[in-house]
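Undergrad: Quick one: sequence and predicted model below, then my questions.
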Amino acid sequence: TRRAYLNGRMDLTQAEAVHQIITARSELELEAGRKNISGEISRLVSMFRSAMIHLKAETEAEIDFADEDLTFEQLPERRRRVEDLLRRIQALLERAHETERLRSGVQIALVGIPNAGKSSLLNYILGWDRALVSSTAGTTRDYLSEEIQLGGVPVRLVDTAGLRETEDEIEKQGVLRSRRAIEESEIILHIVDSGAEPYTFPDFPEQCRVIHVFNKCDIRDGSALYRDRLPDSIALNISCVTGEGIDYLRDVITEQVLGSENTPDPILLEDRQRYHFHQIRNALEKLLELWSTKAPAEICALELDRAIEHTGMISGRIDNEEILGRIFSVFCIGK
């Protein structure tokens with residue numbers, strides 16, 4: 001891959017994409033790696049670079065031919081073009097941030113009182129018996145976790161110990177660990193036993209999205225007892241015995257994982273690439289600030305030079321052997 005880069009067969013972003021594909025652990029990462037190896041980042045960088053070179057040419061011409069009777073692009077129009085560039089770069093960084101969030105995996109906690117069916121639901125979603133299931137309350141003393149993919153995104157399901165007051169020291173420790181796992185989760189599946197008497201729901205962390213899942217709907221519609229206190233919440237019925245509602249639950253979870261659009265447009269940026277995009281954004285923001293203070297065109301041109309230089313660093317205008325060695329060292333495989 002390094003030889004291909006040095007011989008001009010691929011640029012640096014495409015070479016780095018080879019490593020992204022090799023190490024991909026989800027469909028999301030694989031799709032993003034394929035886009036990058038086909039040149040998505042290269043095309044974006046080339047587009048940004050072309051726009052900035054055009055701005056630089058206008059600025060340089062204004063400096064070199066200030067005494068000539070020539071018409072140059074007006075400053076408001078140039079500002080508009082730079083602001084448009086900034087919006088596109090910011091959108092790219094936000095896409096990359098969202099992809100990174102999904103890439104690292106979304107944690108979902110299965111929460112509820114003992115014997116509500118948390119472990120049964122975990123096993124049903126996984127498709128195999130990961131958790132021990134028993135009619136005896138408090139079987140799960142510690143949390144269990146397994147990773148699956150939903151919508152191509154890695155998801156970690158955490159089966160927590162039943163939330164209740166207990167004098168059993170081991171179970172008490174399990175409940176404390178479960179509460180920590182809940183705090184670290186993005187989504188909570190609150191499993192409610194439809195066959196049990198109504199109870200007061202626990203308080204969940206504000207940052208968590210909660211899906212209330214009424215299990216054992218083959219016995220009765222448990223959600224009917226709680227609908228008045230769940231006007232704006234997601235609530236649905238399932239049965240871990242018959243499988244009713246579980247496919248729909250998977251769809252709801254997937255929608256919550258991916259977001260409302262349900263069609264993420266992933267883009268993976270290496271730390272090195274992200275750094276240079278931030279530097280480009282900083283240079284363009286500084287350029288707008290200089291124009292606002294009516295700074296000399298020569299000073300403004302320096303910020304454009306800095307932004308253009310960083311676009312080159314992204315695609316591979318690098319001569320430093322130490323930097324190249326660090327980038328390609330990830331491909332080394334021990335014997």
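TA: Thanks, I have it.
Undergrad: Can you point out the buried residues in the host helix or strand of residue 30?
TA: Assigned by DSSP states H and E, residue 30 belongs to helix 27-37. Buried residues in helix 27-37, counted by 16 or more other CB atoms under 10 Å: 28, 29, 31, 32, 33, 35, 36, 37. Quick note: C-beta positions are derived from backbone N, CA and C, even for glycine.
Undergrad: so how far is residue 20 from the second one?
TA: Distance, residue 29 to residue 20, by CB to CB, to the nearest Å: 7 Å.
Undergrad: what ranges do the strands span in the stretch 51-200 of the chain?
TA: Under the criterion DSSP state E, counting those that start in this stretch, the stretch 51-200 of the chain contains strands at 106-111, 144-150, 153-159, 187-193.
Undergrad: what's across from residue 108 in the sheet?
TA: Following DSSP bridges, residue 108 is listed with bridge partners residue 157, residue 187.
Undergrad: residues contacting it?
TA: Applying CB atoms under 8 Å, 6 or more residues apart in numbering to residue 108 gives the contacts 155, 156, 157, 158, 185, 186, 187, 188, 189, 253, 257.
Undergrad: What's the local residue count around the first one?
TA: Looking back up the chat, that one is residue 155. Neighbourhood size, residue 155 [other CB atoms under 10 Å]: 22.
Undergrad: For it, which non-adjacent residue is spatially closest?
TA: residue 106 (5.2 Å; CB to CB, 6 or more residues apart in numbering).
Undergrad: Please tell me how far the most centrally placed residue in the chain sits from residue 89.
TA: The centre of the chain sits closest to residue 101, judged by CA atoms, centre = their mean, with a distance of 2.4 Å. Counting by CB to CB, the separation of residue 101 from residue 89 is 19 Å.
Undergrad: What of residue 161?
TA: Per CB to CB, residue 161 is found 46 Å from residue 89.
Undergrad: Between those two, tell me which one has more neighbours.
TA: residue 161 (27 against 18).
Undergrad: which residues sit in contact with residue 20?
TA: 29, 32, 33, 36, 37, 268.
Undergrad: quick revisit: what about the residue nearest to residue 155, how many neighbours?
TA: Residue 106, neighbours per other CB under 10 Å, totals 19.
Undergrad: now residue 57
TA: Residue 57 is flanked by 11 other residues according to other CB under 10 Å.
Undergrad: what does the one 3 residues further on give?
TA: As a burial measure, the neighbour count of residue 60 was computed by other CB under 10 Å and equals 14.
Undergrad: Grab the nearest non-local neighbour of it.
TA: residue 301 (6.3 Å).
Undergrad: so when I look at that neighbour, I'm seeing a helix, right?
TA: Yes. According to DSSP: H, G, I helix; E, B strand; the rest coil, residue 301 belongs to a helix.
Undergrad: got any residues that touch both of residue 29 and residue 20?
TA: Taking CB under 8 Å, 6+ apart as the contact rule, residue 29 and residue 20 both touch residue 268.
Undergrad: backbone phi and psi for residue 213, please?
TA: Residue 213 has phi and psi values of phi -120, psi 110 when expressed as degrees, to the nearest 10.
Undergrad: who does it bridge with?
TA: Assessed by DSSP bridges, residue 213 has beta-bridge partners residue 191, residue 236.
Undergrad: low pLDDT regions in the chain?
TA: 62-73, 128-143, 162-175, 222, 231, 260-264, 318-320, 322-323, 330-335 (pLDDT under 70).
Undergrad: where along it do the helices fall?
TA: Remark: helices assigned in the chain by DSSP state H are 2-6, 12-23, 27-37, 40-64, 75-103, 118-126, 169-183, 246-258, 271-292, 297-315, 321-328.
Undergrad: most neighbours per residue, which of those?
TA: When the helices of the chain are scored by mean count of other CB atoms under 10 Å, the highest mean neighbour count falls to helix 118-126 (a mean of 22).
Undergrad: Good, wrapping up.
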